[in-house]
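[1] got a predicted structure here, sequence first:
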Amino acid sequence: MSVASRRSLDDPGLHDEFLDLIGQGDEYGAVEIVNELLDGGAAPQRVIVDLIGAAQIRVGELWAVNEWTVAREHAATAISDRALAALAARTNVRPTRGRVTIACVDGEWHALPTRMLAEMLRLDGWRVDFLGANVPGPHLISHLHQTGPDVVALSCMIATRLPRAHAAITACKAAGIPVIAGGRGFGPGGRYAQHLGADAWAAGAEEAVRRLARNWPPHNQDPQLSAFLGDDEYTYVVRHRPQLIDTAIQRLTDAYPAMRTYNQRQLDSTAEDMAHIVDFLAAALYVSETAIFTDFVTWTHQVLQARGVPTVALRVGLETVQAQLRDYPRATAMLTAGMRLLNQ
Ligand code: B12
């Protein structure tokens, strides 16, 4: 290997170059950078977090401001995954610690962050069973019975999956296996993780590695703490989800006449946005945290603005859902809090 092909994570322009390569779907170029960094003596953990992870966060920002299309984001994520696989192929570590099962909760499709976590734990000497995206609770539990891990690492990147995360955490603990939770869905500082019964939470893969290397297993917490969370308002919203969305879309067309000129793609996006309103509302009701809903409104507002959708469309969307939930005071209050944000 020539000296010219060794590189360092501090090289100027390296991060932009990597982002460019993944954005162009250039797998060979991206893998080459990873190889050159490892040849140059970079720690694989740093390459995972500081290069691949940081690039993925940029990808999210570029998508949110409408600079990158969904297709470009998908292609870039696929290349990041390949770069991570190339790194893994070059770094063999003999397991010296326990066994960990890593899974995304039911309906959670962000597998790459957990793949990064999997590689970081493997590099630290854990035997890792990586189950990937969207693992239904009952299948997770059968896997645990077959393999008997020391710990389950559960990921939830989108707050709408929190009720399923709660079911999975409860089932893992009933099977006698402690759970470490992670992913931005658990809220700032992981505040919903403990509420849902997780034994621990970590902000990122590095913290998870440190956390699992010490102070583990944690003290058992009171199982009653999070035994049941959903109430009649949550149950109503979940049971009537299709009807809430359909009625809201119908009323939206009357209240927001610009929608009559929408093409099919715009109509599909609107239906998706209405579904998100209902799903984030349900999650906020489940955990009893208005912030889950208001954070979503703030984020959606920014995303829609970047795509030229006026604020009034989102406000009318919230109103049409609220009009159907008049008998539900907590849901009404959360929707009002969301609308207040739009008036600022
Ligand atoms: C790629 C991507 C996707 C891909 C995922 C493909 C894949 N194979 O992973 C696809 C296309 C499926 C996707 C879909 C969606 N996505 Co997306 N996605 C992303 C993106 C751009 C990158 C994800 C990533 O790789 N991050 C890189 C890692 C390093 O990020 P990280 O969070 O720092 O990861 C660390 C921690 O989260 C932690 N961690 C994660 N899990 C766990 C678990 C445990 C146990 C522990 C301890 C730690 C831990 O460790 C990680 C490593 O250090 C992010 C942007 C972002 N900032 O992450 C958006 C992002 C997460 N997505 C977002 C959204 C909105 C969606 C969709 C709802 C879009 C839509 N309209 O359909 C759907 C939801 C799908 C679903 N139900 O899961 C939003 C979420 C915003 C919000 N309000 O919460 C983001 C932030 C984009 C944005 N800027 O707005 N997405």
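    Okay, I see it.
[2] so who does Val83 touch?
    For the record, residue 83 is Ala, not Val. Contact analysis of Ala83 by CB atoms under 8 Å, 6 or more residues apart in numbering lists Ile22, Glu27, Ala30, Val31, Ile33, Val34, Ile52. C-beta here means a position set from N, CA and C on the backbone, and glycine is covered the same way.
[3] buried among those? Make that a ChimeraX selection.
    Command for ChimeraX that selects the buried part of those, burial taken from 16 or more other CB atoms under 10 Å:
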select :22,27,30,31,33,34,52
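[4] okay, the contacts of Ala83 in a markdown table with secondary structure next?
    Formatted as a markdown table, the contacts of Ala83 follow (DSSP: H, G, I helix; E, B strand; the rest coil):
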| residue | secondary structure |
| --- | --- |
| Ile22 | helix |
| Glu27 | helix |
| Ala30 | helix |
| Val31 | helix |
| Ile33 | helix |
| Val34 | helix |
| Ile52 | helix |
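[5] which parts of the longest helix anywhere in the chain are buried?
    Determined from DSSP state H, the single longest helix within the chain is helix 264-287. Residues 270, 273-287 are the ones in helix 264-287 that count as buried (16+ other CB under 10 Å).
[6] how about stretch 40-49?
    Ala42, Pro44, Gln45, Val47, Ile48, Val49.
[7] in helices only, show me the residues you listed.
    Pro44, Gln45.
[8] next, format the buried residues of stretch 40-49 as CSV and append pLDDT and distance to the ligand.
    Converted to CSV, the buried residues of stretch 40-49 look like this (pLDDT from 0 to 100; distance: CB to the nearest ligand atom, whole Å):
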residue, pLDDT, distance to the ligand
Ala42, 96, 17
Pro44, 98, 14
Gln45, 98, 10
Val47, 98, 12
Ile48, 98, 8
Val49, 98, 6
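[9] of the contacts of Ala83, which pair is most distant in space?
    The two members of the contacts of Ala83 with the most space between them (CB to CB) are Glu27 and Ile52, at 13.1 Å.
[10] how about the residues of the stretch 101-250 of the chain that lie near the ligand?
    107-114, 116-117, 153-155, 157-158, 180-184, 202, 204-205, 208 (CB under 6 Å from any ligand atom).
[11] show me the residues you listed that map onto helices.
    Per DSSP H, these map to helices at Ala111, Leu112, Pro113, Thr114, Met116, Leu117, Ala205, Ala208.
[12] closest one of those to Arg239?
    Ala111 (29.7 Å).
[13] so the closest one sits right up against Ala133, yeah?
    Yes - Ala111 lies in contact with Ala133 (CB atoms under 8 Å); the separation is 4.0 Å.
[14] of the two, who's got more company?
    The neighbour count for Ala111 versus Ala133, taken as other CB atoms under 10 Å, is higher for Ala111 (22 against 17).
[15] may I see the buried residues of stretch 286-300?
    286-297, 300.
[16] any bit of it sitting next to the ligand?
    Yes - against the ligand, stretch 286-300 shows contacts by CB under 6 Å from any ligand atom at Phe296, Trp299.
[17] and that stretch, what's its mean pLDDT?
    Taken as a whole, stretch 286-300 carries a mean pLDDT of 96.
[18] alpha carbons only: can I get that stretch in PDB?
    As requested, the backbone C-alpha atoms of stretch 286-300 are provided in PDB (Å, rounded to 0.1, in the frame of the first residue of the first chain):
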ATOM      1  CA  TYR A 286     -49.600   7.200  24.800                       C
ATOM      2  CA  VAL A 287     -46.600   8.600  26.600                       C
ATOM      3  CA  SER A 288     -48.500  11.700  27.900                       C
ATOM      4  CA  GLU A 289     -46.000  14.100  26.500                       C
ATOM      5  CA  THR A 290     -47.200  17.100  24.500                       C
ATOM      6  CA  ALA A 291     -43.700  17.700  23.400                       C
ATOM      7  CA  ILE A 292     -43.800  14.600  21.100                       C
ATOM      8  CA  PHE A 293     -46.600  16.300  19.200                       C
ATOM      9  CA  THR A 294     -45.300  19.900  19.300                       C
ATOM     10  CA  ASP A 295     -41.700  18.800  18.200                       C
ATOM     11  CA  PHE A 296     -43.300  17.000  15.300                       C
ATOM     12  CA  VAL A 297     -45.300  20.100  14.300                       C
ATOM     13  CA  THR A 298     -42.200  22.300  14.400                       C
ATOM     14  CA  TRP A 299     -40.200  19.800  12.300                       C
ATOM     15  CA  THR A 300     -43.100  19.200   9.800                       C
END
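[19] count of neighbours near the residue in the stretch 101-250 of the chain positioned nearest to the ligand?
    Ranked by CB to the nearest ligand atom, the top residue of the stretch 101-250 of the chain for proximity to the ligand is Gly182, at 1.9 Å. Neighbour count of Gly182, defined by other CB under 10 Å: 27.
[20] residue contacts, it?
    Counting by CB under 8 Å, 6+ apart, Gly182 has contacts Leu117, Ala153, Leu154, Ser155, Cys156, Gly190, Ala193, Trp201, Ala202, Ala203, Gly204, Ala208.
[21] who does it bridge with?
    Ser155, Ala202 (DSSP bridges).
[22] if I look at the nearest residue to Arg330 once chain neighbours are set aside, how far off is Ala291?
    Leaving aside its chain neighbours, Arg330 sits nearest to Glu233 (5.1 Å; criterion: CB to CB, 6 or more residues apart in numbering). The gap separating Glu233 from Ala291 is 17 Å, by CB to CB, to the nearest Å.
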